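Student: My questions concern the predicted model and sequence given below.
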Amino acid sequence: MPKILMYCARTCPYCVRAERLLKSKGQKIEIIDVGAKPQLWKKMEKLTRRNTVPQIYIDDYHVGGFDDLAALDLSGKLDKLLGKN
């Protein structure tokens, strides 16, 4: 099972949707809540070069946000990344 890391804010509806999609695929997610922690938000921005949440990694692959995750799912590529051929 791949390692999934998601930077999020608990009040973000896109974060909730991303978590729901990944859990529907049976995945465990390491969540880093950056919503109320400016130092973690800055770390996320430096790492991802984006200032929106969620920011999702599957292993070392930076997926991006929820729209990127949903597009991967629609194309069938998400299952491949998750090792579900």
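Tutor: Looks like it arrived, so ask away. Numbering: from 1, shown residues only.
Student: From now on I want contacts and neighbour counts done on CA atoms only, so please keep to that.
Tutor: Fine.
Student: For the host helix or strand of W41, buried residues please.
Tutor: Assigned by DSSP states H and E, W41 falls within helix 38-48. For helix 38-48, burial by neighbour count (16 or more other CA atoms under 10 Å) applies to W41, M44, T48.
Student: ditto for stretch 47-63
Tutor: T48, T52, V53, P54, Q55, I56, Y57, I58, H62, V63.
Student: Just the local confidence number for N85, please.
Tutor: Here the pLDDT value assigned to N85 is 65.
Student: Likewise for M1?
Tutor: 88.
Student: what sits against the spatially most central residue of the chain?
Tutor: The residue lying closest to the centre of the chain (CA atoms, centre = their mean) is I56, at 2.3 Å. I56 sits next to I4, L5, M6, Y7, H62, V63, G64, G65 when contact means CA atoms under 8 Å, 6 or more residues apart in numbering.
Student: likewise L72?
Tutor: Here L72 is in contact with L78 (CA under 8 Å, 6+ apart).
Student: redo that, cut-off 10 Å
Tutor: By CA atoms under 10 Å, 6 or more residues apart in numbering, the contact list for L72 reads V63, F66, L78, D79, K80, L81.
Student: Same check on K77?
Tutor: Contacts for K77 (CA under 10 Å, 6+ apart) come out as L69, A71, G83, K84, N85.
Student: which residues touch L81?
Tutor: M1, P2, I58, D59, Y61, V63, L72, D73.
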